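> Sequence first, then the predicted structure:
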Amino acid sequence: MFCTNCGTANRDDAKFCVKCGETLGDIQGEVKPSAAKVLKDDFSKKGAGFLKALFDFSFTEFVTSKIIKLLYGLTIFFAGITALIIIMIGFSAHAGVGIVALLIVAPLIFLISVIYGRVLLEIIIVIFRIAEHLAEMAQQGKIEKKHPDE
(Lines give C-alpha, C1' and ligand atoms only; values in the text may rest on other atoms or scores of the structure.)
Protein backbone atom coordinates (compact mmCIF):
# COMPACT_ATOMS: atom_id res chain seq x y z
CA MET A 1 0.00 0.00 0.00
CA PHE A 2 1.31 3.45 -0.91
CA CYS A 3 0.88 6.59 1.18
CA THR A 4 -1.16 9.23 -0.66
CA ASN A 5 0.77 11.95 1.16
CA CYS A 6 4.40 11.07 0.33
CA GLY A 7 4.22 8.02 -1.96
CA THR A 8 6.18 5.68 0.29
CA ALA A 9 5.42 1.97 0.05
CA ASN A 10 4.08 0.57 3.33
CA ARG A 11 2.98 -2.84 4.52
CA ASP A 12 -0.65 -3.61 3.73
CA ASP A 13 -1.55 -3.86 7.42
CA ALA A 14 0.32 -0.68 8.44
CA LYS A 15 -1.73 2.01 10.16
CA PHE A 16 0.78 4.83 9.64
CA CYS A 17 3.22 5.71 6.87
CA VAL A 18 6.81 4.78 7.74
CA LYS A 19 8.16 8.00 6.21
CA CYS A 20 5.73 10.82 6.95
CA GLY A 21 3.53 9.32 9.69
CA GLU A 22 0.30 9.93 7.73
CA THR A 23 -2.59 7.75 8.85
CA LEU A 24 -3.21 4.95 6.37
CA GLY A 25 -6.81 3.99 5.93
CA ASP A 26 -9.47 3.09 3.39
CA ILE A 27 -8.50 5.92 1.06
CA GLN A 28 -5.01 4.49 0.58
CA GLY A 29 -4.61 2.23 -2.37
CA GLU A 30 -2.31 0.16 -4.45
CA VAL A 31 -1.64 3.08 -6.80
CA LYS A 32 1.38 5.23 -6.10
CA PRO A 33 0.75 9.01 -6.07
CA SER A 34 2.18 11.08 -8.89
CA ALA A 35 5.91 11.69 -8.84
CA ALA A 36 5.35 15.43 -9.21
CA LYS A 37 3.45 15.61 -5.91
CA VAL A 38 6.06 13.54 -4.10
CA LEU A 39 9.00 15.57 -5.48
CA LYS A 40 7.28 18.88 -4.72
CA ASP A 41 6.63 17.79 -1.14
CA ASP A 42 10.23 16.54 -0.71
CA PHE A 43 11.78 19.77 -2.01
CA SER A 44 9.52 21.95 0.14
CA LYS A 45 10.34 19.92 3.26
CA LYS A 46 14.14 19.75 2.76
CA GLY A 47 14.75 23.49 2.72
CA ALA A 48 13.12 24.17 6.04
CA GLY A 49 13.87 20.69 7.41
CA PHE A 50 17.37 21.42 8.70
CA LEU A 51 16.47 24.72 10.35
CA LYS A 52 13.28 23.23 11.72
CA ALA A 53 15.22 20.32 13.22
CA LEU A 54 17.95 22.65 14.50
CA PHE A 55 15.50 24.75 16.51
CA ASP A 56 13.24 21.87 17.55
CA PHE A 57 13.21 22.08 21.34
CA SER A 58 11.28 18.81 21.65
CA PHE A 59 14.09 16.91 19.87
CA THR A 60 11.68 14.97 17.67
CA GLU A 61 14.03 15.33 14.68
CA PHE A 62 17.77 14.68 14.73
CA VAL A 63 20.29 17.17 13.32
CA THR A 64 23.38 15.03 13.87
CA SER A 65 22.65 12.68 10.97
CA LYS A 66 22.38 15.72 8.68
CA ILE A 67 25.69 17.32 9.70
CA ILE A 68 27.87 14.25 10.33
CA LYS A 69 29.85 14.82 7.11
CA LEU A 70 30.63 18.37 8.19
CA LEU A 71 31.77 17.14 11.59
CA TYR A 72 34.09 14.59 9.95
CA GLY A 73 35.52 17.29 7.68
CA LEU A 74 36.18 19.48 10.70
CA THR A 75 37.88 16.55 12.43
CA ILE A 76 40.26 16.08 9.49
CA PHE A 77 40.89 19.85 9.27
CA PHE A 78 41.78 20.21 12.95
CA ALA A 79 43.93 17.06 12.88
CA GLY A 80 45.86 18.63 9.99
CA ILE A 81 46.24 21.93 11.83
CA THR A 82 47.48 20.06 14.90
CA ALA A 83 50.03 18.17 12.78
CA LEU A 84 51.28 21.44 11.27
CA ILE A 85 51.63 23.01 14.71
CA ILE A 86 53.64 20.00 15.91
CA ILE A 87 55.95 20.33 12.89
CA MET A 88 56.44 24.08 13.47
CA ILE A 89 57.17 23.56 17.17
CA GLY A 90 59.66 20.81 16.27
CA PHE A 91 61.55 22.96 13.78
CA SER A 92 61.54 25.93 16.14
CA ALA A 93 63.18 23.78 18.81
CA HIS A 94 65.85 22.15 16.63
CA ALA A 95 66.23 20.97 13.03
CA GLY A 96 66.61 17.33 14.10
CA VAL A 97 63.48 17.50 16.25
CA GLY A 98 61.65 19.15 13.36
CA ILE A 99 62.58 16.34 10.97
CA VAL A 100 61.42 13.72 13.48
CA ALA A 101 58.18 15.67 13.96
CA LEU A 102 57.73 15.97 10.19
CA LEU A 103 58.39 12.32 9.36
CA ILE A 104 57.11 10.45 12.40
CA VAL A 105 55.26 12.37 15.11
CA ALA A 106 52.97 14.63 13.04
CA PRO A 107 51.74 11.90 10.63
CA LEU A 108 51.17 9.54 13.55
CA ILE A 109 49.22 12.16 15.52
CA PHE A 110 47.22 13.03 12.38
CA LEU A 111 46.29 9.38 11.68
CA ILE A 112 45.40 8.63 15.30
CA SER A 113 43.25 11.79 15.50
CA VAL A 114 41.39 11.01 12.27
CA ILE A 115 40.82 7.37 13.25
CA TYR A 116 39.63 8.36 16.72
CA GLY A 117 37.31 11.04 15.31
CA ARG A 118 35.91 8.67 12.69
CA VAL A 119 35.19 5.93 15.23
CA LEU A 120 33.44 8.37 17.57
CA LEU A 121 31.33 9.79 14.75
CA GLU A 122 30.41 6.29 13.56
CA ILE A 123 29.31 5.36 17.08
CA ILE A 124 27.22 8.52 17.26
CA ILE A 125 25.58 7.94 13.87
CA VAL A 126 24.81 4.31 14.75
CA ILE A 127 23.04 5.44 17.91
CA PHE A 128 21.00 7.97 15.94
CA ARG A 129 20.14 5.42 13.24
CA ILE A 130 18.99 2.96 15.88
CA ALA A 131 16.72 5.64 17.31
CA GLU A 132 15.34 6.49 13.85
CA HIS A 133 14.69 2.83 13.01
CA LEU A 134 13.00 2.22 16.36
CA ALA A 135 10.74 5.21 15.71
CA GLU A 136 9.84 3.80 12.27
CA MET A 137 9.13 0.39 13.78
CA ALA A 138 6.93 1.96 16.45
CA GLN A 139 4.98 3.83 13.78
CA GLN A 140 4.42 0.60 11.88
CA GLY A 141 3.16 -1.05 15.01
CA LYS A 142 5.99 -3.60 15.24
CA ILE A 143 6.87 -2.33 18.71
CA GLU A 144 4.15 -1.93 21.26
CA LYS A 145 4.42 1.26 23.26
CA LYS A 146 4.41 0.56 26.97
CA HIS A 147 2.96 2.96 29.43
CA PRO A 148 5.32 4.20 32.17
CA ASP A 149 3.02 2.83 34.91
CA GLU A 150 3.29 -0.76 33.64
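Structure received.
> Output the below-cut-off pLDDT ranges for this protein.
The model of the chain has pLDDT under 70 over residues 25-48, 142-150.
> Mind telling me which residue is nearest the centre of the chain?
Nearest to the geometric centre of the chain sits residue 65, at 1.3 Å (CA atoms, centre = their mean).
> and it, what is it in contact with?
125, 128, 129, 132 (CB atoms under 8 Å, 6 or more residues apart in numbering). To be clear about C-beta, it is placed using only N, CA and C from the backbone, and glycine gets the same treatment.
> So this structure: which segments form each domain?
For the chain, automatic domain parsing gives the domain ranges 1-48, 62-140.
> Output the ones you listed in TSV, with distance to residue 56 appended to each entry.
Formatted as TSV, those follow (distance: least, CB to CB, whole Å):
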stretch	distance to residue 56
domain 1-48	11
domain 62-140	8
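> For residue 55, find the nearest of the ones you listed.
Closest approach to residue 55 among those (CB to CB): domain 62-140, 9.5 Å.
> Give me the distance from the longest helix belonging to the chain to the chain's centre.
As assigned by DSSP state H, the longest helix anywhere in the chain is helix 106-140. Distance of helix 106-140 from the chain centroid (CA atoms, centre = their mean, to the nearest Å) equals 8 Å.
> now do stretch 65-82
Worked out by CA atoms, centre = their mean, stretch 65-82 lies 14 Å from the chain centre.
> in that stretch, what's buried?
Neighbour-count burial for stretch 65-82 flags 72, 75, 79 (criterion: 16 or more other CB atoms under 10 Å).
> can you tell me how far the nearest residue to residue 105 once chain neighbours are set aside sits from residue 140?
Once flanking residues are discounted, residue 105 sits nearest to residue 86: 5.8 Å by CB to CB, 6 or more residues apart in numbering. Per CB to CB, to the nearest Å, residue 86 is found 51 Å from residue 140.
> neighbour count winner among the two?
residue 86 (19 against 16; other CB atoms under 10 Å).
> residue contacts, the more buried one?
With CB under 8 Å, 6+ apart, residue 86 has these contacts: 101, 105, 106, 109.
> quick one: it from residue 6, how far?
51 Å.
> With residue 113 instead?
Going from residue 113 to residue 6 by CB to CB gives 41 Å.
> what's the span of stretch 7-24, first residue to last?
Stretch 7-24 has an end-to-end distance of 12 Å (CA to CA, to the nearest Å).
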